[in-house]
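>>> need a 3D model of the sequence below.
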Amino acid sequence: MPEIVVGVDGSPQSRAALDWAMTEAGLRQVPLTVMTVIPPAVEASGVTGQLSPLDESFSGPGRSAVRLATQEIVDKAVADRAGQPEVTVTVRVVTGRPADELIQASDDAELLVVAAHGAGGFRRLVMGSVSTQVVHHSRCPVVVIPAGRPH
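All right, here's what the predicted structure looks like:
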């Protein structure tokens, strides 16, 4: 079944990408998979803070804490959409390199949505490294939500 996949890392930019993807999924009447990727070093060490795939409020180590934090982001986005078409949303948390995991997810997607910048610290780049890799290697169309787009 066709679906839209959106990468979410907890950054304000990825939340804007989530909002855009939810609207698009509602218009197309297709399911939405919200994907959060835990870098292997974060999962193995339990390190949080700057290495966290989510915003700085994330403090619990482990996949279940990441899933819970991602689900809270999704729940807020769903609540903010009151009155708009309902969307079936699945939260998926995986471990790996974010670009690689999103590219792999593009195999089964009709559309992949990412933010131009995520939780990384290289603000001077026009597009983040993950979004650049996804654009070049995805197996489906990609929408890159520009930085500064309100969510």
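>>> by mean pLDDT, which helix or strand of the chain comes out lowest?
Using mean pLDDT, DSSP states H and E, the weakest-scoring helix or strand in the chain turns out to be helix 40-45, at a mean of 57.
>>> strands of the protein, start to end?
According to DSSP state E, the chain carries its strands in the segments 4-7, 32-38, 89-95, 111-115, 142-145.
>>> out of those, which comes closest to residue 135?
With distances scored as CB to CB, the stretch of the strands of the chain nearest to residue 135 is strand 142-145 (5.2 Å). For glycine as for every other residue, the C-beta is placed from the backbone atoms N, C-alpha and C.
>>> which other helices and strands contact the closest one?
Packed against strand 142-145 by the contact rule (3 or more CB pairs under 8 Å, 6 or more residues apart in numbering; DSSP states H and E) you find helix 12-28, strand 111-115, helix 129-137.
>>> go through those and name the closest to residue 90.
Counting by CB to CB, residue 90 lies closest to helix 12-28 out of the helices and strands packed on strand 142-145; the figure is 11.0 Å.
>>> tell me the angle of that closest one relative to helix 129-137?
Angle between the axes of helix 12-28 and helix 129-137 is 40 degrees (criterion: axes from the mean of the first three to the mean of the last three CA atoms, to 10 degrees).
>>> contact partners for residue 143?
By CB atoms under 8 Å, 6 or more residues apart in numbering, residue 143 lies in contact with 20-21, 24, 111-114.
>>> where does it land on pLDDT?
Residue 143 is assigned a pLDDT of 97 by the prediction.
>>> who does it form a beta bridge with?
In this structure, residue 143 bridges to residue 113 when assessed by DSSP bridges.
>>> from residue 114, how far out is it?
In this structure, residue 143 lies at 8 Å from residue 114, with CB to CB, to the nearest Å as the measure.
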